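> coordinates for the following, if possible.
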Amino acid sequence: MAKAMRFWAGMALVAGLAMPVLAEDAPTADTVVATVNGTAITLGHMIVAREALPEQYKALPPDVLFKGILDQLVQQTALEQTMEGKLTRRDMLQVENNKRGYVSSRALETVVLSAVTDEALQAAYDARFKDAQPQTEYNAAHILVADEAKANELKAQIEGGADFAELAKANSTDPGSGANGGDLGWFGTGMMVKPFEEAVLSAEVGKVVGPVKTDFGYHLILVKETRAAQQPTLDDIRDELATEIEQKAIEAHVTAVTEAAKIEKPGEGIDPALLGDLTLLDK
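I've put the predicted structure just below:
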């Protein structure tokens with residue numbers, strides 16, 4: 001075993017540099033690292049197990065990780081052997097489903113990798129923005145209260161010279177903006193509920209509008225300023241576009257594969273309620 005796990009047989013000096021010499025029996029994926037009652041665990045098994053770990057575990061020192069993975073695989077193999085001849089129909093069906101899920105995911109990996117290219121990303125970006133109309137962003141504040149009478153009372157105070165921000169701090173029920181004088185920051189269309197957005201779009205800068213009723217209550221809205229929205233760069237939305245491209249490629253591939261397959265569904269007439277009948281697995 002010690003011999004099988006050697007990585008380097010020795011060192012040779014060439015032109016003043018230390019050159020590693022690979023051992024003839026250097027480990028491969030088929031190298032057996034342990035056996036459990038004759039069942040082999042290979043270095044390949046360990047490599048695959050490591051790849052499935054969360055990144056924080058991969059950062060462990062190699063010796064710690066090696067021992068931990070090897071111990072885990074040994075224990076799992078020993079436990080697996082205790083179940084020989086004992087797996088139920090439910091167990092076997094679950095194993096088949098797990099395999100089906102894993103293999104189908106692998107089948108889609110190449111589809112995704114070939115779909116998300118620089119050219120595809122640029123095309124998706126151009127398609128989204130080449131005919132896009134200039135958008136406006138709004139910097140607004142609001143005071144949210146539970147009833148219309150209270151909103152009208154506060155609006156009268158503002159029209160009488162009261163400070164909007166101070167009234168928001170004292171009265172707004174919005175926990176996110178109330179303490180900041182009702183400030184909502186900058187936002188574009190589609191980011192607020194419809195009645196609120198419609199009021200903002202029709203509001204005059206610097207003038208309080210409302211009360212505006214939404215599912216949250218009654219709003220007094222102050223549009224403080226507007227600006228032309230900057231178009232995002234390709235890098236800004238690269239991940240978003242990549243996700244869209246991946247999804248379309250997956251849907252197209254799945255559709256093509258299933259349409260090409262001979263599919264029969266003799267069980268479509270089965271009572272759907274039987275899905276919850278676990279006793280069928282014991283029959």
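> buried ones in the one helix or strand residue 94 maps to?
If you go by DSSP states H and E, residue 94 is part of helix 89-115. Applying a neighbour-count criterion of 16 or more other Cβ atoms under 10 Å, one finds 108, 111, 115 buried in helix 89-115. C-beta here means a position set from N, CA and C on the backbone, and glycine is covered the same way.
> which elements pack onto it?
helix 238-260 (3 or more Cβ pairs under 8 Å, 6 or more residues apart in numbering; DSSP states H and E).
> and the helix it packs on, how far out from the chain middle?
Distance of helix 238-260 from the chain centroid (Cα atoms, centre = their mean, to the nearest Å) equals 16 Å.
> got the angle for it vs helix 89-115?
Using axes from the mean of the first three to the mean of the last three Cα atoms, to 10 degrees, the inter-axis angle of helix 238-260 relative to helix 89-115 is 120 degrees.
> for helix 238-260, buried residues please.
For helix 238-260, the buried set under the neighbour-count rule, 16+ other Cβ under 10 Å, comprises 238, 241-242, 244-246, 249, 253.
> ok, those vs residue 89, which is closest?
residue 253 (32.5 Å; Cβ to Cβ).
> who's in contact with the nearest residue to that closest one once chain neighbours are set aside?
With Cβ to Cβ, 6 or more residues apart in numbering as the measure, residue 111 is the residue that lies nearest to residue 253, at 4.7 Å, once sequence neighbours are left out. When contacts are counted by Cβ atoms under 8 Å, 6 or more residues apart in numbering, residue 111 touches 249-250, 253.
> again with residue 150
If you count contacts by Cβ under 8 Å, 6+ apart, then residue 150 has 171, 218 around it.
> host element of it?
Per DSSP H and E: helix 148-159 holds residue 150.
> same thing with residue 218?
Secondary structure assigned from DSSP H and E places residue 218 in strand 217-228.
> and residue 266, how many neighbours?
6 (other Cβ atoms under 10 Å).
> name the SS class of it, please.
With DSSP: H, G, I helix; E, B strand; the rest coil as the basis, residue 266 sits in coil.
> from residue 229, how far off is the residue most central in space within the chain?
Nearest residue to the geometric centre of the chain (Cα atoms, centre = their mean): residue 243, 9.8 Å. As judged by Cβ to Cβ, to the nearest Å, residue 243 and residue 229 stand 22 Å apart.
> and what of residue 61?
With distances taken as Cβ to Cβ, residue 61 is found 49 Å from residue 229.
> the two - which one has more neighbours?
Applying other Cβ under 10 Å to residue 61 and residue 229 shows that residue 229 carries more neighbours, namely 15 against 8.
> now do the contacts for the more buried one.
Residue 229 touches 134-137, 188, counting by Cβ under 8 Å, 6+ apart.
> that one and residue 222, how far apart?
20 Å.
> okay, now the domains of this structure?
Following automatic domain parsing, the chain resolves into domains at 1-81, 99-132, 136-228.
> per-residue confidence at the residue nearest to residue 253?
pLDDT recorded at residue 111 is 92.
> residue 18 now?
At residue 18, pLDDT is 33.
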